[in-house]
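S.K.: sharing a sequence plus its predicted fold:
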Amino acid sequence: MKTVFKRTPTLKDCVTHYCPGCGHGIAHRLVAEVIDELGIHDRTIGIAPVGCAVLAYDYLDVDMVEVAHGRPPAVATGMKRTNPDKIIFSYQGDGDLASIGAAEILHAGHRGEQITVIFINNAVYGMTGGQMAPTTMIDQVTATTPRGRVGAEQGYPLQVSELLATLPGTIYIERCSVHDPAHIRKSKKALRHAFELQVDGAQGMSLVEMLSPCPVYWRMPPAKAMEWIENEMTKVFPLGRLKG
Amino acid sequence: MAGKIIIDTERCKGCGLCVVVCPKKIIVISEKSNRHGYFPADTDNRNCTGCAACAVICPDAVIEVYRDQPTEIAETVAPGDRSKPTMMQEKA
């Protein structure tokens, strides 16, 4: 029999700490598959965020660095400028990238740094216990918005990809989702394109945003969480290529 | 075309996403828990087509997928060899 699907070598052969049904596992696998397909395993350096994916360096078999909360684009800037032949990517959640790291990602995009950013948007702070994130949707119940987020009080969901797409320094921005196999395959294509741009030496930052489930802090079963992405989240965060 | 999946039940966390996406609905959640206390996904592989939807959505990458190759085509056309006629063309 022919092997149709097998774990890719860059994804380490170990159990992750993620909750059942977490989208980080899918995103990790896609990143690992793209790195293996492009054959850039030996010259890729990844940057792990602070957040649930803080232990990404334990799961991806490439050189990884762990940096301060929200600062991967700043560190990636230095790494890419001193090692232009290396492929630098940062893997960040929405608390890391859209909240405390908003200035870093904005200015890295503004300067047109030649890095690839993987942005996992699950509309909640997972690691610290399900508090409201900048990307939390209106009426979404979290630990800090027990009656649902109210725009006039807590602000509105921050659409980082749209924001970054207006900057001349970014070359490729796409929002994808991991809610079903078809969209996971599309996400992988987007990731591949983002990495290819950097391999080809294209001038500017590429970012792939992935809508990802957090069943535990959305308080729903994994399958329902996937449906919630499809029916609710994509209304606020429309899928598609925003730039490039 | 027959397919087969192998689930690493000791690593499966029983999230059940594969159960939902399987077009043939042949994956079930086992009644026996693994040593981590999760109830893993399980299947008897009957009617499996090897579409790999379960493996693509699995957050823990614990599913391997295999598929039978159609022997006639495999014999007449080697992979990457487009010069030989395919079975469809021969019939036509």
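M.R.: Cool, got the structure.

S.K.: quick one: the strands in chain A?
M.R.: A:2-5, A:44-48, A:63-66, A:87-93, A:116-121, A:170-177, A:205-211, A:240-243 (DSSP state E).

S.K.: what does the residue nearest to residue A:223 when sequence neighbours are not counted show for phi and psi?
M.R.: Sequence neighbours aside, residue B:20 is the residue nearest to residue A:223 in space, at 4.5 Å (criterion: Cβ to Cβ, 6 or more residues apart in numbering or on different chains). Using the backbone N, CA and C atoms, a C-beta is placed for each residue, glycine as well. Main-chain dihedrals, residue B:20, degrees, to the nearest 10: phi -70, psi -40.

S.K.: so what's the residue count around residue B:20?
M.R.: Using other Cβ atoms under 10 Å in any protein chain shown, residue B:20 is surrounded by 19 other residues.

S.K.: re earlier: which among the strands of chain A is found nearest to chain B?
M.R.: strand A:2-5 (3.9 Å; Cβ to the nearest Cβ).

S.K.: then that closest one to PDB, C-alphas only?
M.R.: C-alpha atoms of strand A:2-5 as PDB (Å, rounded to 0.1, in the frame of the first residue of the first chain):
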ATOM      1  CA  LYS A   2       1.100   3.500  -0.800                       C
ATOM      2  CA  THR A   3       1.600   5.900   2.100                       C
ATOM      3  CA  VAL A   4      -0.800   8.900   1.700                       C
ATOM      4  CA  PHE A   5      -0.100  10.700   4.900                       C
END
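
S.K.: outside of that strand itself, list whatever touches it.
M.R.: Defining contact as Cβ atoms under 8 Å, 6 or more residues apart in numbering or on different chains, one finds that strand A:2-5 is touched by B:3, B:50, B:52, B:55, B:56, B:63, B:64, B:65, B:66, B:67, B:68, B:69.

S.K.: how near is the third one to residue B:5?
M.R.: The spacing between residue B:52 and residue B:5, counted by Cβ to Cβ, to the nearest Å, is 8 Å.

S.K.: which of these two has more neighbours?
M.R.: residue B:5 (25 against 19).

S.K.: that's a strand at the more buried one, yeah?
M.R.: Yes - assessed with DSSP: H, G, I helix; E, B strand; the rest coil, residue B:5 lies in a strand.

S.K.: run through the residues that contact it.
M.R.: Contact analysis of residue B:5 by Cβ under 8 Å, 6+ apart lists B:27, B:43, B:45, B:48, B:50, B:54, B:55, B:63, B:64, B:65, B:66.

S.K.: against residue A:74, how distant is it?
M.R.: The value you get for residue B:5 to residue A:74, if Cβ to Cβ is used, is 43 Å.

S.K.: all strands for chain B, in order.
M.R.: Under DSSP E, chain B gives strands at B:3-7, B:27-29, B:41-43, B:63-67.

S.K.: got CSV for the ones you listed, with distance to residue A:25 and mean pLDDT too?
M.R.: Shown next, in CSV, are the strands of chain B (distance: least, Cβ to Cβ, whole Å; pLDDT from 0 to 100):
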stretch, distance to residue A:25, mean pLDDT
strand B:3-7, 15, 94
strand B:27-29, 17, 96
strand B:41-43, 14, 95
strand B:63-67, 12, 95
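
S.K.: near chain B, which residues of chain A? Just list them.
M.R.: With the criterion set to Cβ under 8 Å from any Cβ of the partner chain, chain A comes near chain B through A:1-7, A:11, A:15-16, A:18-26, A:29, A:178, A:180-181, A:184-185, A:215, A:221-223, A:226.

S.K.: thanks a lot, catch you later.
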